[in-house]
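S.K.: Sequence plus predicted model, see below.
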Protein chains: 2
Amino acid sequence: MKRPDPRLAEGILLTDMYQLTMAQLYFRMGMHEAEVQFDHFFRRYPDYDSHQAGYCINAGLAWLLDWMKEARFGQEEIEFLRAQRNSAGQPLFADDFLEWLGREGHFGHITLEAIPEGRVIHPNEPLTVVRGPLAMAQILETPLLNHLNYPILVATKASRMVEAGRGRPVLEFGLRRAQERGANAGARAALIGGAVFTSNVGVSYALGLPPKGTHAHSMVQLFMSKGLGELAAFRAYAEIYPDDCLLLVDTVDTLQSGVPHAIQVFEELRRKGHKPVGIRLDSGDLAYLSIQAAKMLNDAGFPDTSIVLSSDLDELVIWQILTQIAAEAPRYGVDPDQLIGRLVFGVGTRLITSWGEPALGGVYKLVAVREGDSWNSAIKISESPAKTPNPGLKRIWRIYDRRGKATADLLSLEHEDPRQADVLLLRHPMDHTKWRTLRRQEISAMEPLLVTILDRGKQVYELPPLEELRRQRQADVERLDDGVRRLVNPHVYHVSLTQELWELKQRLIEEARRENETG
Amino acid sequence: MKRPDPRLAEGILLTDMYQLTMAQLYFRMGMHEAEVQFDHFFRRYPDYDSHQAGYCINAGLAWLLDWMKEARFGQEEIEFLRAQRNSAGQPLFADDFLEWLGREGHFGHITLEAIPEGRVIHPNEPLTVVRGPLAMAQILETPLLNHLNYPILVATKASRMVEAGRGRPVLEFGLRRAQERGANAGARAALIGGAVFTSNVGVSYALGLPPKGTHAHSMVQLFMSKGLGELAAFRAYAEIYPDDCLLLVDTVDTLQSGVPHAIQVFEELRRKGHKPVGIRLDSGDLAYLSIQAAKMLNDAGFPDTSIVLSSDLDELVIWQILTQIAAEAPRYGVDPDQLIGRLVFGVGTRLITSWGEPALGGVYKLVAVREGDSWNSAIKISESPAKTPNPGLKRIWRIYDRRGKATADLLSLEHEDPRQADVLLLRHPMDHTKWRTLRRQEISAMEPLLVTILDRGKQVYELPPLEELRRQRQADVERLDDGVRRLVNPHVYHVSLTQELWELKQRLIEEARRENETG
């Protein structure tokens, strides 16, 4: 038996079966090329058990576009579908549908708007807007969610870790703990979210970054098994990497063995004219050990060496470590700010898995259907008002207050330009008793967030380089109110509707209710 | 700028940078081709907050082998490494090392033993044993963990869901909630763990299975947005898929609209000589709704139709649903066993992410180094005894009691054959006060678990087909004591050491302690 090409499993077939059965149904009904709009959005911030995010970071778009460009139903995919049988043993997919799929089964007719990667994003606002022929827009649902849900989650977690670490460098180390190949998308998202480098060599190659890493416990252990000891291992490392000497000091005993041996080797390096880089602590009470190690390094004349911390770090652990250092370092004659200023955080499991909330419930909902020259807004009424999507073709405006801080994201209908209004009415998306008004003089800027990326399959937006996405994230986070940036119990950022959109939503809900009752 | 080939990011470069810097160090020291052994194992069962697993299911080996066969340092990978700079701006990797890597940078010298996929596995026993030249065995650490940690996690969670569902079919639906491409490895692991099918078309293609799926809410909603209603949507589906008619009934209102409309369509199908398949419930109180839906379907003469449940299911939710059905169904004149016997579970997020514990802490530890004709056992002493690995070259024996149930896994040294002993002494791996004896007549069988897969790069084991792995899982789970199979608070399964291995471990720990103190 010929083994199927595993790469085909990652092309257009990276979708759910029901997208294909629905596509055939639309084909059979003559609806497959009807123009529709789906909105991609999430409904709530990730909630890591004890603490919920106050904002998210958008990520994943570039690799989705790469995938969409290549994905199409080729001969082998069509033959696989042709071989599928229904319960009666007959072909599940008819020849005319497969013939259409072989011809039109690609994303060359899709128009896609999106909030760019690296931007701060919030619940219930469309992050990605897909317009195009029904069948292919439907098939795109699963791969779009697959490419975007997870990177948003990791970029968000990374941004929280960078915030907790007061901007000190965060390195991504999670390759061994990821969902297999998902590690690469996760590492890229971590970099967008503010991690400076990753240990993952492959994704560094793909992104044009230098991968980072030094040595593991196994190196020290190997030397020990040969009767050579930790000091010999450190010396060997220093000899081969004299300008990049960063030593893992906790294989035997951090303060009794590792740090003294590292200092001995650093002194040898200094005599030879090299500048040692630092140490890494990977176990134990990291705050206490980093204070003691800093004191020993300071006393030996190495106050500038880095102290890399790793071992199941997340934003709360980092926050706790910095708090403990601030409280305890002075007791040992160590300046806490000086110590914090030399820390580097290596984060693995808890970043790459978004520990506490390992999936984002991003969804892809039908919001409008074209009828002739106009668009009909579609709505699904859900039992919970929070789950009713905002209908129709929309724009998103980020409103900055007089301090230059983002104060709300406002969803409007496509023809509206709220920049013209003297007084803005911001309606709560669900609660009809809640609204807020903003006068023009309270507003320093209003910025549209959605950008057209694909125009009927043609890319009309130049994807910014990674560095630009990282600057964008930092700028957006800095323009959030401190209350929204808090790691625990953040303020709720406002995502509001214009009066016109709010009225449309109410009207559609009432119509749908009536229809359900009579139908 | 030429965009780097993303596939290269998934070849030999799918590793951590420190593996390469260590490999160069070993090369420089002349140790790169020293023969060593690394053991891959995990230290504790996944703990999903409120409940911990009592066993795991092994998975991931076949795709690791596929990867190892293809992975090697080619020209482009070497050039990427050659371009890396140290802090002084000099090349990080020397030409002689890169030349060696270009020649010997593959896994053709690796010998690999493993417990086969689909088998029940436990903590602190070697699941995968790698022997070979140090540098390449070291580089293999990250990709091996990347390929094995996650599938074990998902196969284990799937097995728990199948157990909770009393063997009723479990379908894997998680593609949109996975870590991007990790979805494919996750779906395969779910199938090994007992899921019957997946909605993921690509991985079904790669594994030669039919993908499963019917339709989403969006189909019903589309018909509604055109003023056609739910019934018209169901009729359209039934017309195109008359022999595969499974209808999602909760878009409008499950009991007021969805189920009555489904029954109406089923009656129409029956008149045309087709057998309707069933309904799917995706929201609300699934136990209550399934009882009511079953009653309506029974009354309409469709007692055999399936009821598929989905919506954030995991093993506890499934367990709760079955408990509630058993308690409440009789009150409505529904036979609970008949109802349970028609249930199917569609599981997404909580399976593909292993909700509650989204990473397995599998590790890869140096346990032996060859010196001339003999092997020296290596050990890393950790502050916690539980983290000290079992040293040396080992075998694993699964011991079955007179009922045919697995009662312990016994780790021995390689030359030992505990099948010869009249009385077996099973030592607790850490606690010297704990042991257990088994007389030969208490034992019905003893089975070695490790199989040689690669002999110096050559595959000497035929990988069983997926169906065989699934049978193996089921057989292994059935041979566990009921206490170990429990979803919550399972009995602790014994993983023990022979007296000889126990003594070696103690001796090495003492030697290492002495050396640390004097060194």
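M.R.: The structure has been received and is ready for your questions.
S.K.: contacting residues around the residue nearest to A:R479 when sequence neighbours are not counted?
M.R.: Using C-beta to C-beta, 6 or more residues apart in numbering or on different chains and skipping the chain neighbours, the partner closest in space to A:R479 is A:A406 (5.2 Å). Placement of C-beta: from N, CA and C, glycine included. Each residue near A:A406 by C-beta atoms under 8 Å, 6 or more residues apart in numbering or on different chains is listed here: A:120, A:398-400, A:476, A:479-481, A:493.
S.K.: Which of the residues you listed has the largest number of neighbours?
M.R.: Ranked by the number of neighbours (other C-beta atoms under 10 Å in any protein chain shown), the contacts of A:A406 place A:V120 first, at 27 neighbours.
S.K.: Skipping its backbone neighbours, what lies nearest it in space?
M.R.: Using C-beta to C-beta, 6+ apart and skipping residues adjacent in sequence, the residue nearest A:V120 is A:D476, 3.9 Å away.
S.K.: State the mean pLDDT of stretch A:94-101.
M.R.: Stretch A:94-101 carries an average pLDDT of 98.
S.K.: Return the set of buried residues in it.
M.R.: Neighbour-count burial for stretch A:94-101 flags A:97-98, A:100-101 (criterion: 16 or more other C-beta atoms under 10 Å in any protein chain shown).
S.K.: Just the ones in strands from those residues, please.
M.R.: Judged by DSSP state E, the buried residues of stretch A:94-101 include no members of strands.
S.K.: Report the two of the residues you listed separated the most.
M.R.: A:L98 and A:W100 (7.3 Å; C-beta to C-beta).
S.K.: For the stretch 251-400 of chain A, which residues are neighbours of chain B?
M.R.: Proximity of the stretch 251-400 of chain A to chain B, by C-beta under 8 Å from any C-beta of the partner chain, involves residues A:251-253, A:257, A:275, A:277, A:283-284, A:349, A:352-355, A:358-362, A:365-366, A:369, A:376, A:378-381, A:383.
S.K.: For PyMOL, what selects the buried ones among those residues?
M.R.: This is the PyMOL syntax for the buried subset of these, where burial follows 16+ other C-beta under 10 Å:
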select buried, chain A and resi 251+252+253+257+275+277+283+349+352+353+354+355+358+359+360+361+362+365+366+369+376+378+379+380+381
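S.K.: Could you list which of the residues of the stretch 251-400 of chain A next to chain B belong to helices?
M.R.: Among these, the members found in helices (DSSP state H) are A:349, A:352.
S.K.: for chain A, where's the lowest mean pLDDT among helices and strands?
M.R.: Every helix and strand in chain A was compared by mean pLDDT, DSSP states H and E; the lowest is helix A:499-518, with a mean of 84.
S.K.: Report the buried residues of that helix.
M.R.: In terms of neighbour count (16+ other C-beta under 10 Å), helix A:499-518 has its buried residues at A:500-502, A:504-505, A:508, A:512, A:516.
S.K.: sorry, back to before: what's the distance between the residue nearest to A:R479 and A:E478?
M.R.: A:A406 sits at a distance of 10 Å from A:E478 (criterion: C-beta to C-beta, to the nearest Å).
S.K.: what do you get for A:A164?
M.R.: From A:A164 to A:E478 the distance is 16 Å (C-beta to C-beta).
S.K.: With the flanking residues excluded, which residue is spatially nearest to A:R44?
M.R.: Nearest to A:R44 is A:P123, by C-beta to C-beta, 6+ apart, at 5.3 Å.
S.K.: Is the one you found located within a helix, as I assumed?
M.R.: No - secondary structure of A:P123 (DSSP: H, G, I helix; E, B strand; the rest coil): coil, not part of a helix.
S.K.: Go ahead and confirm it touches A:H494.
M.R.: No - counting by C-beta atoms under 8 Å, A:P123 does not reach A:H494; the two are 11.1 Å apart.
S.K.: As JSON lines, the buried residues of helix A:499-518 with distance to chain B would be great.
M.R.: JSON lines is the format used below for the buried residues of helix A:499-518 (distance: C-beta to the nearest C-beta, whole Å):
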{"residue": "A:E500", "distance to chain B": "20"}
{"residue": "A:L501", "distance to chain B": "18"}
{"residue": "A:W502", "distance to chain B": "20"}
{"residue": "A:L504", "distance to chain B": "14"}
{"residue": "A:K505", "distance to chain B": "14"}
{"residue": "A:L508", "distance to chain B": "10"}
{"residue": "A:A512", "distance to chain B": "7"}
{"residue": "A:N516", "distance to chain B": "5"}
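S.K.: What is the most widely separated pair among the residues you listed?
M.R.: Among those, A:E500 and A:N516 lie farthest apart (C-beta to C-beta), at 24.8 Å.
S.K.: Sketch out the low-pLDDT regions of the stretch 51-200 of chain A for me.
M.R.: Under the criterion pLDDT under 70, no range of the stretch 51-200 of chain A is flagged.
S.K.: which bits of it sit near chain B?
M.R.: Contact residues, the stretch 51-200 of chain A versus chain B (C-beta under 8 Å from any C-beta): A:60, A:63, A:66, A:77, A:80, A:84-88, A:90, A:92, A:134, A:138, A:141-142, A:145-147, A:149-151, A:173, A:175-186, A:199-200.
S.K.: Counting neighbours, which of the residues you listed end up buried?
M.R.: The neighbour-count test (16+ other C-beta under 10 Å) marks A:60, A:63, A:77, A:80, A:84, A:92, A:134, A:138, A:141-142, A:145-147, A:149-151, A:173, A:175-186, A:199-200 as buried among those.
S.K.: just checking, what's the longest helix in chain A?
M.R.: Under DSSP H, chain A gives helix A:141-164 as its longest helix.
S.K.: Just after that one, pick out the following helix or strand.
M.R.: strand A:170-172 (DSSP states H and E).
S.K.: And the host helix or strand of A:L20, what's buried?
M.R.: Assigned by DSSP H and E, A:L20 falls within helix A:17-28. By neighbour count with 16+ other C-beta under 10 Å, helix A:17-28 contains the buried residues A:17-27.
S.K.: Considering only those, which also neighbour chain B?
M.R.: Okay, of those touching chain B (C-beta under 8 Å from any C-beta), that's A:17-22, A:24-25.
S.K.: could the residues you listed go into CSV alongside pLDDT?
M.R.: Listed next are those as CSV, based on pLDDT from 0 to 100:
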residue, pLDDT
A:M17, 98
A:Y18, 98
A:Q19, 98
A:L20, 98
A:T21, 98
A:M22, 98
A:Q24, 98
A:L25, 98
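S.K.: what about stretch A:473-488, start to end distance?
M.R.: Terminal residues of stretch A:473-488 lie 20 Å apart, using C-alpha to C-alpha, to the nearest Å.
S.K.: May I see the buried residues of it?
M.R.: A:473, A:476-477, A:479-481, A:484-485, A:487.
S.K.: now stretch A:43-55
M.R.: So for stretch A:43-55, counting by 16+ other C-beta under 10 Å, buried means A:45-46, A:48, A:51-55.
S.K.: How far does it sit from its chain's centre?
M.R.: Centroid separation for stretch A:43-55 versus its chain: 14 Å, with C-alpha atoms, centre = their mean, to the nearest Å.
S.K.: how long is it end to end?
M.R.: Length of stretch A:43-55, first residue to last, C-alpha to C-alpha: 12 Å.
S.K.: Assign A:M446 to helix, strand or coil.
M.R.: Three-state call for A:M446 (three-state DSSP): strand.
S.K.: follow-up on the earlier one: export the buried residues of stretch A:94-101 as JSON lines, with columns for distance to B:L322.
M.R.: Output for the buried residues of stretch A:94-101, formatted as JSON lines (distance: C-beta to C-beta, whole Å):
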{"residue": "A:F97", "distance to B:L322": "39"}
{"residue": "A:L98", "distance to B:L322": "41"}
{"residue": "A:W100", "distance to B:L322": "44"}
{"residue": "A:L101", "distance to B:L322": "40"}
